[in-house]
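J.: I'll drop the sequence and a predicted model, then ask my questions.
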Amino acid sequence: MKGAPGGALEGLVVGSYCHDVLLRGGRVVGETLGGAAAFVSNVLDAASPREAEPANFVVVSKVGADFAYASAPAPARHPPLLCAAAPTTSFHAQFSDAAASAHAPDRELRRVRACDPIYPADLPDRRFAYGLAVGVAGEVLPETLERMIRLCRAVLVDAQALIRAFDGDGAVRHVALEETPYARLLPRVAFLKASSEEAPYVGVETARRRCCVIVTEGRDGCRLYWDGGESRVAAFPAVQVDPTGAGDSFLAGFAAGLLWGLSATDAALLGNFFGAAAVSHVGVPTFHPKMLQVVRSILEEKAMKCSTPYINGITFTFERSNMHDELHTSLQEAAMFMSEKQDIDPAKSNGDIC
Ligand SMILES: Nc1ncnc2c1ncn2[C@@H]1O[C@H](COP(=O)(O)OP(=O)(O)OP(=O)(O)O)[C@@H](O)[C@H]1O
Ligand SMILES: O[C@H]1[C@H](O)[C@@H](O)[C@H](O)[C@@H](O)[C@H]1O
């Protein structure tokens, strides 16, 4: 992995930790740490290149005094800002008994509590190699995203941070990106990730002329759309026990792939890999050390062959490289360790949420 001129590949992750309550048939089947910041930190901690270690990124996240997971690995390593008066953001995810299809919504989300937004002044006043805007509850304000864009050489955005709206009872719905104040910022964003459910609200054909759009398609992997081309990237087999955090883990795996010097289409393999790892666990996964060791040695070998530079906000290679298929095959070996460790509280969960 080539180093950035004049310094480390420091990242900036903006979006809050939250409390997730998983329900099925009105019954609580799990209570976990959630929020994109938790899933993203977990993958960046696990998969970033050595030059970016130890955990060379800052998380700007807000929680209330009721935050229940301060000692969990991600918040302990990347502590949130404490809001004295506001509660921690909390979501109820209602799973249906019907098996979710690859593209249908697998759960109904309701925001039951919301912490304060993240303001531009909450961000550190220094430059970063890359930024991830990963709000879940409208906490990344347009002016905050704009400041991220000024501070970071390349910004990757999860569409869920931009297009979520909340009904009176907290039910999550989506609004058209074009009608939000975020739309004008798209030409200054490097990558915009949306799930297949969110993609119609993003307007892929318009958005791809402004930045590279990645649409994740659950167990079918993902597609990348840029101005002048597109690609499809195959998924990894996984036994899905809880889909929560798949998209967050995808985006962090993708960012880690770029940090390793992979092209966008190759980096999406690493995104798919960590998306599959996320669905194999309930809540934020603890990855099997052997899996991470295998992934790291694969990436170290592949990075030697990469001619594409690190995230620099100016040059990205989008197309698949000639080692794409080989990388997929090698990562499949590591994927065998995916469901080796399951963080399930037997008192609260039946071990299989969906
Ligand atoms: N059942 C699955 N098997 C294998 N890989 C999966 C599966 N579900 C998700 N993934 C991986 O995770 C990525 C993101 O999943 P998905 O498209 O469901 O995102 P999402 O809807 O944003 O997820 P969430 O909102 O649950 O975090 C997919 O592109 C895929 O690579
Ligand atoms: O923990 C989850 C996760 O971060 C999901 O990506 C998000 O959609 C949910 O709102 C959140 O509760």
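T.: Now that the structure is in, tell me what you want to look at. Numbering: from 1, shown residues only. Ligands and ions are numbered 1, 2, ... in the order given.
J.: chain center to stretch 321-338: distance?
T.: Its chain's average C-alpha position is 20 Å from that of stretch 321-338, according to Cα atoms, centre = their mean, to the nearest Å.
J.: So what does the closest residue to ligand 2 within the chain look like in phi/psi?
T.: The chain approaches ligand 2 most closely through G34 (2.5 Å), counting by Cβ to the nearest ligand atom. No exception for glycine: its C-beta is placed from N, CA and C like everyone else's. With angles defined as degrees, to the nearest 10, G34 sits at phi -140, psi -160.
J.: Contacts only, for it.
T.: Y17, C18, H19, D20, F91, V136, T244, G245, G283, V284 (Cβ atoms under 8 Å, 6 or more residues apart in numbering).
J.: Then A114?
T.: Contacts of A114 (Cβ under 8 Å, 6+ apart): A86, P87, T89, A137, G138, E139, F166.
J.: got it, and N272?
T.: Counting by Cβ under 8 Å, 6+ apart, N272 has contacts G221, C222, V233, A234, A235, F236, F250, G253.
J.: if we go to 10 Å?
T.: 216-217, 219-222, 233-236, 238, 246, 249-250, 253-254, 257, 328, 331, 335 (Cβ atoms under 10 Å, 6 or more residues apart in numbering).
J.: now C152
T.: C152 makes contacts with 10-12, 14, 123, 127-133, 190, 311, 313, as judged by Cβ under 10 Å, 6+ apart.
J.: Could you do V13 as well?
T.: Contacts of V13 by Cβ under 10 Å, 6+ apart are 36-37, 40-41, 44, 57-61, 78, 128, 130-134, 148, 156, 252, 255.
J.: Try it again at 7 Å.
T.: Shown in contact with V13 (Cβ atoms under 7 Å, 6 or more residues apart in numbering): A37, V40, S41, F57, V59, L132, V134.
J.: Equivalent analysis for E230, please.
T.: R223, L224.
J.: State the helix or strand in which it lies.
T.: Per DSSP states H and E: E230 is located in strand 229-233.
J.: Just confirm yes or no for that strand near ligand 1.
T.: No - Strand 229-233 does not reach ligand 1 (Cβ under 6 Å from any ligand atom); its nearest approach is 7.9 Å.
J.: Helix or strand next in line after that strand, which one?
T.: Heading C-terminal from strand 229-233, the first helix or strand you meet, by DSSP H and E, is helix 246-259.
J.: avg pLDDT for that following helix?
T.: For helix 246-259, the mean pLDDT works out to 96.
J.: Now do it and strand 229-233, the angle between them.
T.: 110 degrees (axes from the mean of the first three to the mean of the last three Cα atoms, to 10 degrees).
J.: Off-centre distance for helix 246-259?
T.: With Cα atoms, centre = their mean, you get 6 Å for helix 246-259.
J.: Which other helices and strands does that helix contact?
T.: helix 36-47, strand 128-133, strand 152-158, strand 191-195, helix 264-279 (3 or more Cβ pairs under 7 Å, 6 or more residues apart in numbering; DSSP states H and E).
J.: With mean pLDDT and distance to P181 as added columns, please give the ones you listed in JSON lines.
T.: Below are these laid out as JSON lines (pLDDT from 0 to 100; distance: least, Cβ to Cβ, whole Å):
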{"stretch": "helix 36-47", "mean pLDDT": "96", "distance to P181": "20"}
{"stretch": "strand 128-133", "mean pLDDT": "95", "distance to P181": "14"}
{"stretch": "strand 152-158", "mean pLDDT": "96", "distance to P181": "14"}
{"stretch": "strand 191-195", "mean pLDDT": "98", "distance to P181": "15"}
{"stretch": "helix 264-279", "mean pLDDT": "97", "distance to P181": "27"}
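J.: and of those, who's closest to ligand 1?
T.: Closest to ligand 1 of those is helix 264-279 (Cβ to the nearest ligand atom; 2.0 Å).
J.: For the residue nearest the centre of the chain, give its distance to H288.
T.: When Cα atoms, centre = their mean is applied to the chain, the residue found nearest the centroid is D248 (2.2 Å). Relative to H288, D248 is positioned 19 Å away (Cβ to Cβ, to the nearest Å).
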